[in-house]
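S.K.: Give me a model of this one.
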Amino acid sequence: MMCFSVQNKEKERLKEREKEAREREARSSNGHLFTSLTVSSTTLCSSCNRSITAKEALSCPACNVTIHNRCRDSLASCAKMKQRQQKLALDERPSSAIYPSDSLRQSLLGSRRVRSGLSLAKSVSTNNIAGGLEDSVGLRRILSQSTESLNFRSRTLSMESLTDESECVCVCVPLLEELQVEGSCVQADSWSLAVEPNFLQTLHKDLIKQQDVIYEFIQTEFHHVRTLRIMEGVYRRGMQEEVMLEPGVVHTIFPCLDQLLELHSGFLAELLSRRREGLADGSSTNFTVRRLGDLLLRQFSGQSADDMKKVYSEFCSRHPKAVKLYKEVLSRDRRLQQFVRRACRGPLLRRHGVQECILLVTQRITKYPVLIQRILDNTKGNEKEVQALSQALAKLKELLSAVDLEVLDLGRARRLQEIQARLDPRAQAEVRGGGVFRGGELLRRKLLHEGTLLWKLQGSRMKDVQVLLMSDILVFLQEKDQKFTFASLDKSPVISLNNLIVRDIANQERGMYLISDSTPPEMYELHASSKEDRRTWMSRIQQAALSCPSRDDFPLIETEDKALLRRLRADIQQKDREVLELLQERVTLFSDLVQATAHGESEGETVAEVRPPSSNRNLFRADTPHAPRAEPLLLAAISEGEGGFLGGAGGFRRSPPHGDVLIFLVFLVVCLLQDRNGNQLQERSLNEVKAASRGNHFLLTSLHSFSPIFVFFLTRHPKNKSMCEMF
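M.R.: The predicted structure is shown next:
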């Protein structure tokens with residue numbers, strides 16, 4: 001009986017302890033140790049600041065907080081408990097965190113205490129130890145082997161961690177040192193702190209404010225270039241050389257990185273050049289940038305603006321896909337995980353992960369207007385600079401609008417490709433007037449808007465449909481088993497926007513009618529999710545209907561022959577553009593060759609006799625004062641071609657010319673074609689051409705000898721009659 005009573009008491013004690021533990025856990029929230037408390041009616045809750053009744057009061061003895069029972073989840077963490085935990089963590093921190101030299105020595109020599117129980121348990125079985133207690137020599141031998149194994153493992157792990165850190169240092173230190181040297185002039189927090197106090201006292205406060213903003217502009221541009229350099233020199237290079245990712249994957253994660261780096265590196269170099277120009281005499285730190293508007297105007301207009309528009313549109317539109325792909329590869333590729341973890345240990349990359357770098361690049365172009373506006377607001381007394389800054393700001397806003405529109409168009413194009421990829425290959429729809437509409441027809445068009453609407457059928461039934469507003473049609477799709485199909489309802493799922501009528505439904509805030517221009521007309525009743533959504537749909541459908549192309553110019557359904565012709569035309573145009581770019585590059589090389597030859601053979605002449613040409617393609621310009629001089633040259637070439645080279649239908653009487661000269665003549669034809677299309681060519685006078693070609697007798701003789709071939713090429717071109725009339 002005594003034994004049973006003792007057991008019952010033990011069970012009761014265990015139950016009480018479990019009950020107290022559950023109550024303590026229930027009362028504990030965010031580190032607080034709440035206990036029930038009797039309070040007066042005037043006591044206020046520390047969380048919601050309302051009065052507390054006696055039944056629902058809880059109090060934390062650690063931080064003296066009194067709250068409602070229902071408010072404990074919304075209360076902040078207990079400050080006292082957090083301090084205790086931090087103190088305990090500091091007390092339990094290993095000596096390596098405080099004494100790195102001791103940690104290094106212990107890791108190299110091997111610690112006899114780290115996980116000794118675990119290592120011994122793995123090396124020696126309990127039975128062997130128990131059975132060999134009488135043999136002390138054997139026991140010491142076993143313990144010695146176990147300790148040596150533990151020391152070897154400790155040395156291996158320590159050396160591996162040191163190797164990883166050393167590799168990270170080898171990757172980051174050269175780049176870090178280079179960036180520190182380049183950014184030494186913009187390390188201060190502001191321009192006022194970068195210059196000497198005596199120099200600062202000599203300037204007006206308006207100029208000081210202006211220079212502070214200009215300094216911030218240069219500093220943030222340097223930070224942007226640093227981010228691009230990190231992406232290129234650390235992450236992309238590491239993914240290619242160490243992780244061995246496929247080039248296509250790396251390019252998708254870092255699109256247009258080389259172009260971005262080239263654009264902003266050149267811009268930063270010009271900004272730093274302006275800083276050097278503004279240095280005070282005898283000082284390397286005191287400077288003022290007096291002119292910046294012309295540089296900003298050149299950066300955000302012309303060819304530079306076109307390059308920025310193209311690059312940022314591509315980069316920003318690919319931002320979501322790049323981040324998504326990076327996360328997918330990071331989750332499954334262990335080598336990439338190790339590389340990123342090792343690289344982020346360096347001081348350079350603490351705040352510059354891959355995702356953070358990509359986001360910073362997309363945000364940079366949006367920061368320019370704010371900085372330029374602040375520079376403009378603080379620029380006073382210089383009308384020319386104010387005008388240049390105002391023009392640069394206007395050009396920049398146009399550039400931002402163009403980038404936003406381009407990003408939106410590219411996003412819609414990719415979305416249309418995703419929809420077309422999910423469309424059932426067998427899906428097709430019959431359209432009014434005959435014909436079958438298939439999924440391939442979607443890619444001929446431009447997606448303007450998409451969303452979900454309710455299509456009201458006969459008998460008050462509603463069907464959810466995915467609506468695509470294209471450049472000339474409305475398409476209704478239905479989703480089934482993760483696939484899209486054309487909506488098979490009582491009307492055609494494809495509506496032409498030609499003469500489409502859009503009307504709202506009386507007494508219904510979310511409904512609208514679409515009346516098609518067919519014979520007989522068909523009426524569609526659609527309902528949006530809200531009044532604003534209906535207004536958006538009606539506005540965009542009406543705008544698309546106004547700009548819808550005619551069916552003569554853009555047929556509803558394209559036949560296979562027309563589709564083949566369209567693809568062939570597109571391929572030919574693309575090849576023409578590629579050939580034109582190559583020919584333009586070769587023309588530039590020939591121009592450099594002529595200039596170098598003329599300069600080399602005329603070193604003994606005076607400077608007045610030989611002038612460096614300012615441009616290289618104006619001999620055959622019809623819109624310059626020197627154009628009439630080309631007429632006798634062409635007439636002489638035509639007569640020579642008719643008399644000597646073009647001997648009837650038999651073809652040429654002489655052997656073909658030298659390849660380089662013939663190519664050069666073809667380049668002149670390319671110049672004519674480009675000039676005929678209205679593209680702007682560089683300026684150059686006839687005297688400059690002669691001066692540049694003086695001494696190059698072979699080139700001039702070859703051009704004169706083979707000019708009939710040039711005329712023959714002109715006569716074979718369908719537009720050459722009008723082209724010759726230019727001269």
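S.K.: what's the span of stretch 502-520 from first residue to last?
M.R.: With C-alpha to C-alpha, to the nearest Å as the measure, the first residue of stretch 502-520 is 17 Å from its last.
S.K.: what mean pLDDT does it have?
M.R.: Taken as a whole, stretch 502-520 has a mean pLDDT of 88.
S.K.: same thing with stretch 71-88?
M.R.: Averaging pLDDT along stretch 71-88 gives 62.
S.K.: What of stretch 222-235?
M.R.: On average, stretch 222-235 scores 92.
S.K.: For it, could you pull out the residues that count as buried?
M.R.: 222, 224-235 (16 or more other C-beta atoms under 10 Å). All C-beta atoms are positioned from the backbone trio N, CA, C, and that covers glycine.
S.K.: Tell me the one of those nearest Met538?
M.R.: Of all the buried residues of stretch 222-235, Met538 sits closest to His224, with 42.4 Å by C-beta to C-beta.
S.K.: Now name the helix or strand holding that closest one.
M.R.: helix 205-230 (DSSP states H and E).
S.K.: Check which element follows that helix along the chain.
M.R.: helix 237-241.
S.K.: Which elements pack onto that next one?
M.R.: Using 3 or more C-beta pairs under 8 Å, 6 or more residues apart in numbering; DSSP states H and E, the elements in contact with helix 237-241 are helix 247-253, helix 334-343.
S.K.: right, so of those, which gets closest to Arg364?
M.R.: helix 247-253 (18.0 Å).
S.K.: which residues are in contact with that closest one?
M.R.: 236, 239-240, 318, 321-322, 325-326, 329, 354, 358 (C-beta atoms under 8 Å, 6 or more residues apart in numbering).
S.K.: Break the protein into its domains for me.
M.R.: 23-92, 168-413, 442-557, 564-724 (automatic domain parsing).
S.K.: Go through the helix or strand containing Arg412 and flag the buried ones.
M.R.: Arg412 is located in helix 383-422, with elements delineated by DSSP H and E. By 16+ other C-beta under 10 Å, the buried positions in helix 383-422 come out as 385, 388-393, 395-396, 399-400, 402-403, 406-407, 411-412, 416, 419.
S.K.: For the stretch 401-550 of the chain, give me the ranges with low pLDDT.
M.R.: Along the stretch 401-550 of the chain, segments meeting pLDDT under 70 span 433-434.
S.K.: one more time with 80
M.R.: 431-435, 459-460, 490, 518-519 (pLDDT under 80).
S.K.: Likewise for the stretch 51-200 of the chain?
M.R.: Ranges of the stretch 51-200 of the chain meeting pLDDT under 80: 51-184.
S.K.: State the number of residues packed around Asp258.
M.R.: By other C-beta atoms under 10 Å, 12 other residues sit near Asp258.
S.K.: Test my guess that it contacts Glu232.
M.R.: Yes. The pair Asp258 / Glu232 is scored as a contact, 7.5 Å apart, by C-beta atoms under 8 Å.
S.K.: Surely Asn499 is in a helix?
M.R.: No. Counting by DSSP: H, G, I helix; E, B strand; the rest coil, Asn499 is not part of a helix but coil.
S.K.: Could you figure out how far the helix holding Arg412 is turned away from helix 205-230?
M.R.: Using axes from the mean of the first three to the mean of the last three C-alpha atoms, to 10 degrees, the inter-axis angle of helix 383-422 relative to helix 205-230 is 30 degrees.
S.K.: What is helix 383-422 packed up against?
M.R.: Using 3+ C-beta pairs under 8 Å, 6+ apart, helix 383-422 is in contact with helix 293-299, helix 302-317, helix 354-377, strand 447-456, strand 483-486.
S.K.: can you dump the C-alpha coordinates of the last one into CSV?
M.R.: Yep, that's strand 483-486 we're talking about. Provided in CSV are the C-alpha atoms of strand 483-486 (Å, rounded to 0.1, in the frame of the first residue of the first chain):
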residue,chain,number,x,y,z
LYS,A,483,-5.1,25.2,-70.5
PHE,A,484,-6.8,27.9,-72.4
THR,A,485,-9.5,27.2,-75.0
PHE,A,486,-11.7,29.5,-77.0
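S.K.: List the buried residues in that strand.
M.R.: Going by 16+ other C-beta under 10 Å, strand 483-486 has these buried residues: 484-486.
S.K.: related to what we said a few turns ago, would CSV of the helices and strands packed on helix 383-422 with distance to Val502 be doable?
M.R.: Below are these laid out as CSV (distance: least, C-beta to C-beta, whole Å):
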stretch, distance to Val502
helix 293-299, 44
helix 302-317, 30
helix 354-377, 35
strand 447-456, 13
strand 483-486, 22
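S.K.: Which of the ones you listed sits closest to Asn498?
M.R.: Taking C-beta to C-beta, strand 447-456 is the member of those nearest to Asn498, at 15.3 Å.
S.K.: Check which helices and strands the closest one sits against.
M.R.: Looks like strand 447-456 contacts helix 383-422, strand 462-470, strand 523-527, helix 531-546 (3+ C-beta pairs under 8 Å, 6+ apart).
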